[in-house]
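Undergrad: Here you go, sequence then predicted model.
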Amino acid sequence: MSSMEETKLAITQDIETNPIILFMKGSKLMPQCGFSAKVVHILRELGAEFETRNVLEDDQLRQGIKEISDWPTLPQLYINKEFIGGCDIISELYETGELKKLVEPYSKTCSSDT
């Protein structure tokens, strides 16, 4: 098995085992690009519990996630094993309230709007 195949297998396992995972530049504690920072902020606003993977630490991870999703840009968000999109799509889903519905089952706060 090539190292890229191993990387893609690891990515697939991450997607399958983490209800919400964000492949991004940097970490949720220290995003290293504005788009990644915006998605982290949105997920935190929604109280989502999520994992991140820093694509800047591994070129194969960076390339592999793009090939798996067939999406050219980062960050990339997966919820419940499904590719949701990048920053623009996440922002749009957040504005319409759709993202809240997707992350609610994996949220720290399960309260309704007051």
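TA: Nice, I can see it.
Undergrad: these two touch, right, residue 73 and residue 86?
TA: Yes - between residue 73 and residue 86 there is a contact under C-beta atoms under 8 Å: 5.1 Å. Quick note: C-beta positions are derived from backbone N, CA and C, even for glycine.
Undergrad: Comparing the two, which shows the higher neighbour count?
TA: residue 86 (20 against 12; other C-beta atoms under 10 Å).
Undergrad: how close does the more buried one sit to residue 2?
TA: For residue 86, the distance to residue 2 equals 27 Å [C-beta to C-beta, to the nearest Å].
Undergrad: for residue 94, same thing?
TA: For residue 94, the distance to residue 2 (C-beta to C-beta) stands at 37 Å.
Undergrad: which of those two has more neighbours?
TA: Neighbour count, other C-beta under 10 Å: between residue 94 and residue 2, residue 94 has more, with 19 against 8.
Undergrad: Only C-alpha atoms, please: export the lengthiest helix in the chain in CSV.
TA: When the chain is parsed with DSSP state H, its longest helix is helix 3-17. Provided in CSV are the C-alpha atoms of helix 3-17 (Å, rounded to 0.1, in the frame of the first residue of the first chain):
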residue,chain,number,x,y,z
SER,A,3,1.8,6.1,1.6
MET,A,4,-1.0,8.1,-0.2
GLU,A,5,-3.3,5.1,0.1
GLU,A,6,-2.5,4.9,3.8
THR,A,7,-3.2,8.6,4.2
LYS,A,8,-6.6,8.2,2.5
LEU,A,9,-7.4,5.3,4.7
ALA,A,10,-6.6,7.3,7.8
ILE,A,11,-8.7,10.2,6.5
THR,A,12,-11.6,7.8,5.9
GLN,A,13,-11.3,6.4,9.4
ASP,A,14,-11.2,9.9,10.8
ILE,A,15,-14.4,10.8,8.9
GLU,A,16,-16.1,7.6,10.1
THR,A,17,-15.1,7.8,13.7
